[in-house]
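**Q** Take this sequence and fold it.
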Amino acid sequence: MKKIIILFLLLSVMLDNAKAIETIEIPMSKANKIVVELMFYNGSKIDPSGKEGLTNLTLSTIMGGGTLSKKNSELSYLTEPWGARYYGMVDKEVSIMMFEVLSTYADQFQKEIISGLVLSPSFSEDDFNRAKS
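**A** Numbers count the residues shown, from 1 in each chain. I've put the predicted structure just below:
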């Protein structure tokens, strides 16, 4: 339970330190894929001393985990036929949540996956242990 609270606190810090939202749209007339990239200006530089890698662990737990309403396995089962994938990346300056899906399934993907992982990640013990290993 302590680990989950620490992850929640770190996510709060990440969101508090995030700068203003900037939207960039790059239309591609022949593309049949939608790509959504959420970038937070708070990479590994915000990791507390002695806890290096905490930002990466938090993002890995979110992106490799489930939501409050669906487990990771359910999300995988749902997204496979949609040609979708999602993952996170952390460098020194930024943390990025990347989502890709075929345009046919964009609405469902946004409602089921993006909203769920961004607004209500599960932070379950199993997700944390999987990300940590």
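**Q** ok, which stretches of the chain are strands?
**A** 33-40, 85-90, 95-102 (DSSP state E).
**Q** Quick one: closest of these to residue 128.
**A** Proximity to residue 128, assessed across these by C-beta to C-beta, is greatest for strand 85-90 (14.4 Å). Every residue, glycine included, has its C-beta placed from N, CA and C.
**Q** wait, isn't residue 33 in contact with residue 104?
**A** No - at 9.9 Å, residue 33 does not count as touching residue 104 under the criterion of C-beta atoms under 8 Å.
**Q** what stretches of this protein score poorly on pLDDT?
**A** The chain contains residues with pLDDT under 70 at 1-25.
**Q** List the contacts of residue 88.
**A** Contact partners of residue 88, counting by C-beta atoms under 8 Å, 6 or more residues apart in numbering, are 59, 60, 62, 63, 95, 96, 97, 98.
**Q** related to what we said a few turns ago, in TSV, list the strands of the chain along with distance to residue 72.
**A** Output for these, formatted as TSV (distance: least, C-beta to C-beta, whole Å):
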stretch	distance to residue 72
strand 33-40	19
strand 85-90	11
strand 95-102	15
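**Q** Of the ones you listed, flag the one that's most buried.
**A** Across the strands of the chain, averaging neighbours per residue (mean count of other C-beta atoms under 10 Å) puts strand 95-102 on top, at a mean of 19.
**Q** Report the angle between that strand and strand 85-90.
**A** Here strand 95-102 runs at an angle of 160 degrees relative to strand 85-90 (axes from the mean of the first three to the mean of the last three C-alpha atoms, to 10 degrees).
**Q** one step back: so which of the strands of the chain is nearest residue 111?
**A** Closest to residue 111 of the strands of the chain is strand 95-102 (C-beta to C-beta; 11.5 Å).
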